[in-house]
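Asker: this one's structure only:
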C-alpha cells in the first residue's frame with residue numbers, strides 16, 4: 001500500500017511544469033475511477049462491497065471537481081502553476097481511493113501509461129544502459 005501511494009504521487013508529479021498535463025491526467029484518471037465505482041456498485045449485491053465503492057465516490061468527487069476548476073487555469077497558456085502541492089494531493093487522494101475502495105490493482109490499470117513509462121525507464125535508472133539519443137544529441141551539440 002505504501003508503494004502504491006508513492007507511485008501514484010510520483011506518477012502525477014513527473015509531468016509537473018507541462019501546461020495542463022498533470023491536471024489533465026488527474027481529471028482523466030479521476031473520471032475513470034468514478035465510472036468504475038458506479039459500475040461496481042451497480043453490478044454487486046454485497047452491501048459491504050457497495051459501501052467501499054460509495055466511500056471511494058465520496059472521496060473522488062471533490063478531487064474531480066477541484067481538478068476541473070484548476071484545469072481552466074492550468075491549460076496553455078498557463079496562468080497557475082500547481083507545483084508539488086497539487087500533485088501530492090492528487091496522487092495521494094487517488095491512492096487512498098484505490099486502497100479504501102479495495103481495488104488497488106484496478107487503479108494501476110488506470111495508471112497504465114505511467115507504469116509503462118516506469119518500466120521503460122528502469123534500465124537507464126539502474127545504469128545498465130545509457131540513453132543513446134541523449135548521447136547523440138550531446139555529441140552533435142559539441143561539434
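Answerer: That came through fine. Since this is a predicted model, take the numbers as computed values, not measurements.
Asker: pretty sure residue 111 contacts residue 11?
Answerer: Yes: contact between residue 111 and residue 11 holds when scored by C-beta atoms under 8 Å: they sit 5.7 Å apart. Placement of C-beta: from N, CA and C, glycine included.
Asker: what's the model's confidence in the longest helix along the chain, averaged?
Answerer: Longest helix in the chain by number of residues (criterion: DSSP state H): helix 47-74. Model confidence over helix 47-74, given as mean pLDDT, is 93.
Asker: From the contact counts, what lies against that helix?
Answerer: helix 21-43, helix 83-100 (3 or more C-beta pairs under 8 Å, 6 or more residues apart in numbering; DSSP states H and E).
Asker: Next, the angle from that helix to helix 83-100.
Answerer: For helix 47-74 against helix 83-100, the angle between stretch directions is 160 degrees (axes from the mean of the first three to the mean of the last three C-alpha atoms, to 10 degrees).
Asker: Helix 47-74: which residues count as buried?
Answerer: Along helix 47-74, these residues count as buried under the neighbour rule (16 or more other C-beta atoms under 10 Å): 50, 52-53, 56-57, 59-60, 63-64, 66-67, 70-71, 74.
Asker: Return the closest of those residues with respect to residue 33.
Answerer: The shortest approach to residue 33 among the buried residues of helix 47-74 belongs to residue 60, at 5.1 Å (C-beta to C-beta).
Asker: Verify the contact between that closest one and residue 96 for me.
Answerer: No: when contacts are counted by C-beta under 8 Å, residue 60 is not listed as touching residue 96 (9.7 Å).
Asker: Fine by me, we can end here.
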